[in-house]
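Peer 1: A structural model of the following input is requested.
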Amino acid sequence: MKKLTKEEEEKPLNINIPECPVTTTINYLKNIPERNLIQYVFEDIYSIDLSKELHELDKVDNKANVRISGYVSDPSYTRSSKKSIRIYVNGRPVKCPIVLKAIDMAYKNLLPNGKYPFVILKIEINPHDIDVNAHPTKREIRWREPNLIFNFVISAIDKALSSNTYQQFSEPQSNVLPFSAKSEQIVENDDSYYISESKMPTFPTVNPKTITPISQQQQLLTPTTFQIQQQPENDFKIIGQFKDTYILIETQSGLEIVDQHIADERYLFEKLKSQKEINSQMLLVSEIVDLEPEEVAILQQAEEKLNHFGYEIEAISSTQIKFKRVPQLLSRVSQKELAAELLSSINGSLDGLEEKILVTTSCKAAVKAGEKLSIWQAEELIKRWKSTKNPQVCPHGRPICHFISTSDVAKFFERQYKE
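Peer 2: Next up is the predicted model:
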């Protein structure tokens with residue numbers, strides 16, 4: 001290959017590019033509504049058939065700071081490989097076994113063997129909650145909380161597939177007014193359709209004799225009066241926290257000192273007890289928990305009751321177990337700690353097992369001692385606690401609140417107290 005001289009290297013390179021209507025194309029795309037633009041892209045890249053088989057997906061978890069959006073195909077539209085599944089995390093295309101497994105679970109029993117859906121998922125998450133250096137090419141990532149992402153993807157796809165709203169790109173149709181073929185040009189604005197007067201359908205002429213008198217119409221249209229029940233104002237005031245464990249409350253009659261953990265535990269216990277079915281969460285990543293053979297046997301004997309309250313435990317061997325499902329409230333609790341708490345509450349006896357499981361679940365899910373709370377969080381916790389049937393003691397029997405009357409405080413400081 002001939003080596004270029006210095007003059008040839010510095011010579012500007014001229015390339016003749018044939019005329020291309022780029023400006024015209026851009027202006028055309030700008031004038032396409034967003035909904036139809038998506039249709040345009042899908043139909044141009046894939047096919048018209050695919051664009052009619054998509055469900056739009058958009059789910060946000062503000063607490064976990066995660067958003068997932070995109071499109072998933074209806075189970076009736078399948079592909080022969082997973083090449084049609086595309087995952088983007090914070091704008092970067094990635095390969096993610098956890099998300100792929102979640103997609104498989106969401107479509108479980110919906111697709112024949114060897115068939116796969118068309119999926120485009122865009123996940124937006126706090127960069128601190130992922131590790132992008134898990135792979136040299138940065139095509140794979142690690143999640144800080146893989147179980148949360150796994151269940152979040154499943155619930156988002158389930159919601160999209162269970163809705164009757166398909167991502168149909170055809171012209172919107174009205175199921176109220178029978179428009180003629182010429183009157184289908186409708187301007188869409190959010191959920192309202194505006195139709196020019198010339199395109200309104202002709203209604204039959206009304207006989208004036210059949211019209212209800214105005215006085216009767218007013219009677220019919222007069223709304224029924226009812227009282228709107230306003231939320232009562234709090235009869236207490238949160239002063240603050242002591243040692244991030246006790247909530248200090250000012251009331252009309254004195255000072256209440258409430259243990260935040262057992263107050264929240266009381267509320268959760270009564271709430272769980274009143275529920276017919278407890279929501280559980282599947283765990284993609286499970287810890288192997290080592291136990292004694294008799295402990296594994298106890299959990300196996302309690303399997304039916306544990307399943308009823310949201311637990312699914314698999315015995316791997318005579319000395320090892322793993323959790324497959326746990327109550328949603330306990331999704332972030334250490335599984336080894338959870339196993340120890342369940343065994344401690346059962347204490348070798350299956351008598352009163354339902355009560356023991358509920359006590360353990362509510363205890364592990366409750367706000368912890370030493371946990372900093374905002375005034376708003378403390379206020380909500382106290383509201384929930386005061387709404388319980390038995391606010392005096394926690395499920396273990398410990399007192400929840402210590403009350404000091406205003407008169408006792410005044411007496412201590414040798415003040416005269418006037419009610």
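
Peer 1: Now V296, what are its backbone angles?
Peer 2: When read as degrees, to the nearest 10, the backbone of V296 gives phi -60, psi -40.

Peer 1: List the residues that contact it.
Peer 2: Applying C-beta atoms under 8 Å, 6 or more residues apart in numbering to V296 gives the contacts A315, S318, T319, Q320, I321. Placement of C-beta: from N, CA and C, glycine included.

Peer 1: what kind of secondary structure is the last one in?
Peer 2: When states are read from DSSP: H, G, I helix; E, B strand; the rest coil, the local structure at I321 comes out as strand.

Peer 1: I'd like the distance between it and F309.
Peer 2: With distances taken as C-beta to C-beta, to the nearest Å, I321 is found 16 Å from F309.

Peer 1: and if you look at the first one?
Peer 2: According to C-beta to C-beta, A315 stands 18 Å off from F309.

Peer 1: Counting neighbours, go ahead and name the busier of those two.
Peer 2: Remark: of A315 and F309, F309 carries more neighbours, 20 against 15, as counted by other C-beta atoms under 10 Å.

Peer 1: Who are the contact partners of the more buried one?
Peer 2: L272, I278, P327, E354, I357, L358, T361.

Peer 1: which of those are buried?
Peer 2: Neighbour-count burial (16 or more other C-beta atoms under 10 Å) applied to those gives L272, I278, P327, I357, L358, T361.

Peer 1: Mind putting those residues into CSV with secondary structure and pLDDT?
Peer 2: Converted to CSV, the buried ones among the contacts of F309 look like this (DSSP: H, G, I helix; E, B strand; the rest coil; pLDDT from 0 to 100):
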residue, secondary structure, pLDDT
L272, helix, 86
I278, coil, 80
P327, strand, 87
I357, helix, 84
L358, helix, 86
T361, helix, 87
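
Peer 1: got the contact list for stretch 238-254?
Peer 2: By C-beta under 8 Å, 6+ apart, stretch 238-254 touches 235-237, 255-261, 263, 369-373, 375, 378-379, 381-382, 403-409.

Peer 1: How about stretch 362-374?
Peer 2: Residues outside stretch 362-374 that contact it (C-beta under 8 Å, 6+ apart) are 241, 243-245, 247, 259-262, 264-266, 268-269, 272, 327, 329-330, 333, 337-338, 341, 381, 395-396.

Peer 1: Angles on the backbone of D131, please.
Peer 2: Torsion angles, degrees, to the nearest 10, at D131: phi -120, psi 110.

Peer 1: pretty sure V393 is touching F269, no?
Peer 2: No - using C-beta atoms under 8 Å, V393 makes no contact with F269, being 10.8 Å away.

Peer 1: Tell me which of the two has more neighbours.
Peer 2: Taking other C-beta under 10 Å, V393 and F269 do not tie; F269 has more neighbours (24 against 13).

Peer 1: now the helices for the stretch 101-250 of the chain?
Peer 2: Along the stretch 101-250 of the chain, counting by DSSP state H, counting those that start in this stretch, helices occupy 146-162, 214-221.

Peer 1: Confidence-wise, which of those helices is weakest overall?
Peer 2: Among the helices of the stretch 101-250 of the chain, helix 214-221 carries the lowest mean pLDDT, a mean of 47.

Peer 1: So, low pLDDT: which residues of the stretch 251-400 of the chain?
Peer 2: Low-confidence segments of the stretch 251-400 of the chain (pLDDT under 70): 348-350.

Peer 1: re the thing from before, buried subset of the contacts of stretch 238-254 as a ChimeraX selection?
Peer 2: With 16+ other C-beta under 10 Å as the criterion, this ChimeraX line picks the buried residues out of these:
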select :255,256,257,258,259,260,261,263,373,378,379,381,382,406
